[in-house]
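Chemist: how would this look folded up:
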Amino acid sequence: MANQKVLIVDDDQNICELLRLYLVKEGYETFLAHDGQTALELFEKNKPDMVLLDVMMPRMDGWEVCRRIRAGSNVPVIMLTAKGETFDKVLGLELGADDYIVKPFDTKEVVARIKAVLRRYNNEPASKEGVIEFENLSLDMSRYELKVCGKVVEAPPKELELLAYLAGHPNRVFTRDQLLDEVWGFEYYGDSRTIDVHIKRLREKLEGASDKWGLKTVWGVGYKFEVKD
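Modeler: Presented below is the predicted three-dimensional model:
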């Protein structure tokens, strides 16, 4: 099996080189970019298995790079941000990033997160396969395809996995921590706001599809996929 490829994108060349050294030592093949435009060119040319993506960069910022990657690929993306405000984290998740890391960071932690995300991406449980259907809703997890009222609706992988987990257990209430454990994996380093962001985005995509089911908030507890008799 060929070494997995990681695209490292940061305008700080020292950070890129440090991450490259650690990743090469762990057996990864790496590519470096110091601006957004070059990152997209290297992404198309080398087809990496993972992207480490800085937010603030010249020529094109990380938000736009993530948006363009997600327009045609489900490859895992970890955002690197020096700010750490909730807004940055939420925006990255809304754009389809799989995780985020706030600078300054420990390089060993970054490597651990890369391994965790790639492990989840490459070894999705068999239970996520198959088709889940309700009125005006079809979710095919073997193809990662969501149809609402017969039309294909684009959504990042984690949104589909969250919907599949909730819809696969109709009327059962899950806490945010339970959903983080089951959908993101116990090694996820994020916080429960991740769930709120993804639920909000899913509701926008599912709005008005049916009055027989829906994503419901159970105040003080969490969320459920409610199906009416």
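Chemist: going forward, measure contacts between C-alpha atoms and count neighbours the same way
Modeler: Will do.
Chemist: quick one, phi/psi of residue 5?
Modeler: Torsion angles at residue 5 (phi, psi; degrees, to the nearest 10) stand at phi -110, psi 130.
Chemist: and it, how many neighbours does it have?
Modeler: 19 (other Cα atoms under 10 Å).
Chemist: what pairs with it across the strands?
Modeler: residue 29 (DSSP bridges).
Chemist: That one against residue 43, yeah?
Modeler: No - look at residue 5 against residue 43 with Cα atoms under 8 Å: they stay out of range, at 10.3 Å.
Chemist: From residue 4, how far out is the nearest residue to residue 80 once chain neighbours are set aside?
Modeler: Leaving aside its sequence neighbours, residue 80 sits nearest to residue 54 (Cα to Cα, 6 or more residues apart in numbering; 4.4 Å). Relative to residue 4, residue 54 is positioned 20 Å away (Cα to Cα, to the nearest Å).
Chemist: more crowded one of the two?
Modeler: residue 54 (28 against 13).
Chemist: if I read this right, the more buried one contacts residue 10, doesn't it?
Modeler: Yes - checked against Cα under 8 Å, the pair residue 54 and residue 10 is within contact range at 5.0 Å.
Chemist: for this structure, what are the low-confidence residue spans?
Modeler: Applying pLDDT under 70 to the chain picks out residues 1-2, 83-90, 120, 122-130, 185-191.
Chemist: try 90
Modeler: 1-3, 55-63, 67, 70-76, 79-132, 140-145, 154-161, 176-197, 220, 228-229 (pLDDT under 90).
Chemist: Strands along that one, start to end?
Modeler: 5-9, 29-33, 50-54, 77-81, 99-102, 131-134, 137-140, 145-148, 151-153, 174-175, 213-218, 222-227 (DSSP state E).
Chemist: can you redo those strands as a markdown table with distance to residue 69?
Modeler: A markdown table is the format used below for these (distance: least, Cα to Cα, whole Å):
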| stretch | distance to residue 69 |
| --- | --- |
| strand 5-9 | 12 |
| strand 29-33 | 15 |
| strand 50-54 | 10 |
| strand 77-81 | 9 |
| strand 99-102 | 15 |
| strand 131-134 | 26 |
| strand 137-140 | 22 |
| strand 145-148 | 18 |
| strand 151-153 | 17 |
| strand 174-175 | 31 |
| strand 213-218 | 28 |
| strand 222-227 | 30 |
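Chemist: Burial-wise, tell me which of these comes out on top.
Modeler: strand 50-54 (a mean of 26; mean count of other Cα atoms under 10 Å).
Chemist: then that strand to PDB, C-alphas only?
Modeler: What follows is strand 50-54, C-alpha atoms only, in PDB (Å, rounded to 0.1, in the frame of the first residue of the first chain):
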ATOM      1  CA  MET A  50      -5.500  14.700   3.800                       C
ATOM      2  CA  VAL A  51      -5.200  18.500   3.700                       C
ATOM      3  CA  LEU A  52      -3.900  20.600   6.600                       C
ATOM      4  CA  LEU A  53      -5.100  24.100   5.800                       C
ATOM      5  CA  ASP A  54      -4.200  27.400   7.300                       C
END
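Chemist: what angle sits between the longest helix seen in the chain and strand 5-9?
Modeler: Longest helix of the chain, by residue count under DSSP state H: helix 107-122. Our comparison of helix 107-122 with strand 5-9, counting by axes from the mean of the first three to the mean of the last three Cα atoms, to 10 degrees, yields an angle of 130 degrees.
Chemist: buried set for helix 107-122?
Modeler: 110, 113, 114, 116, 117, 118, 121 (16 or more other Cα atoms under 10 Å).
Chemist: Many thanks, have a good one.
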